[in-house]
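Student: Predicted model and sequence below, questions to follow.
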Amino acid sequence: MNDAQVKQQVQQMVSFIKQEAEEKANEIRVKAEEEFNARKLSQVEAAKIQIRSEYERKFKQIESKLKVAYSTELNASRLQILKQRETLLKEIYEVVERELSKVKEDEESYKKLLEKLLKQSFMTLDEVEVSICSRKDDIKLVEKVLNKALEGSKTKEGQQVKAVVDKENFLPDTCLGGVIVSSHGGKVVCNNTLEARLETAYQQNLPQLRQLLFGENELWK
């Protein structure tokens, strides 16, 4: 083998090694790019997941705050409405109370009312001996109607009711009128003052009054 042949063979070997090196380098580069792209894609997906998770967390926080704010505002509004309605009901009550205070101005009508209140008190107590307490200014009227009120007033056992007018203890002058009838030294009492009757009537008719004024409303349920 001459020098030319040796040189050619060496050149072929160099070319082969160079080609192998280039192919290997290319293979390494492709693999590196694939791994890089895979890591990049994984990082992007992880970032997306983190962003979505953070968004959902903040959204839930905002949603929760909005619900609390809405609930607080709703409750405040309901309380305000309830307050306004109670104020209106109180005003109506006071108007009726003022009108009721005028009952005493018509003596004949007031006497008839006292008689009815006495009869009802006797029936409610169902006691033989009772004491009647009234306003000091009403004593004479009570005495005028007492005998008539006692007519037919008997206990369930058929005993005639006996009543005395208390002339030492009186209802306050601010009382609208009516009577308080008691027995057994005040242990058993029937409050038939006009205030008591008004309060009873008011409480009994309050649902209908609310319905009339405000209609159906969840606030009252």
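Tutor: Ah, there it is. Note that the coordinates shown come from a computational prediction; the quantities given were computed from them, not determined experimentally.
Student: Residue 164 belongs to a helix?
Tutor: No. Read with DSSP: H, G, I helix; E, B strand; the rest coil, residue 164 is strand and lies in no helix.
Student: For residue 72, give me its contacts.
Tutor: By Cβ atoms under 8 Å, 6 or more residues apart in numbering, residue 72 lies in contact with nothing. Heads up, the C-betas are built off the backbone N, CA and C, glycines and all.
Student: Phi first, then psi, for residue 152.
Tutor: phi 80, psi 0 (degrees, to the nearest 10).
Student: ok, now how distant is it from residue 119?
Tutor: Using Cβ to Cβ, to the nearest Å, residue 152 is found at 8 Å from residue 119.
Student: Of those two, give the one with the bigger neighbour count.
Tutor: Set residue 152 next to residue 119 and count neighbours by other Cβ atoms under 10 Å: residue 119 wins out with 19 against 11.
Student: and the next element down the chain from the lengthiest helix in the chain?
Tutor: Ranked by residue count and defined by DSSP state H, the top helix of the chain is helix 3-100. As assigned by DSSP states H and E, the chain's next helix or strand after helix 3-100 is helix 107-125.
Student: just checking, what packs against that next one?
Tutor: The helices and strands touching helix 107-125, judged by 3 or more Cβ pairs under 8 Å, 6 or more residues apart in numbering; DSSP states H and E, are strand 129-133, helix 139-150, strand 178-183, strand 188-193.
Student: Of all the ones you listed, which one is nearest residue 78?
Tutor: When the helices and strands packed on helix 107-125 are compared by Cβ to Cβ, strand 188-193 sits nearest residue 78, at 34.8 Å.
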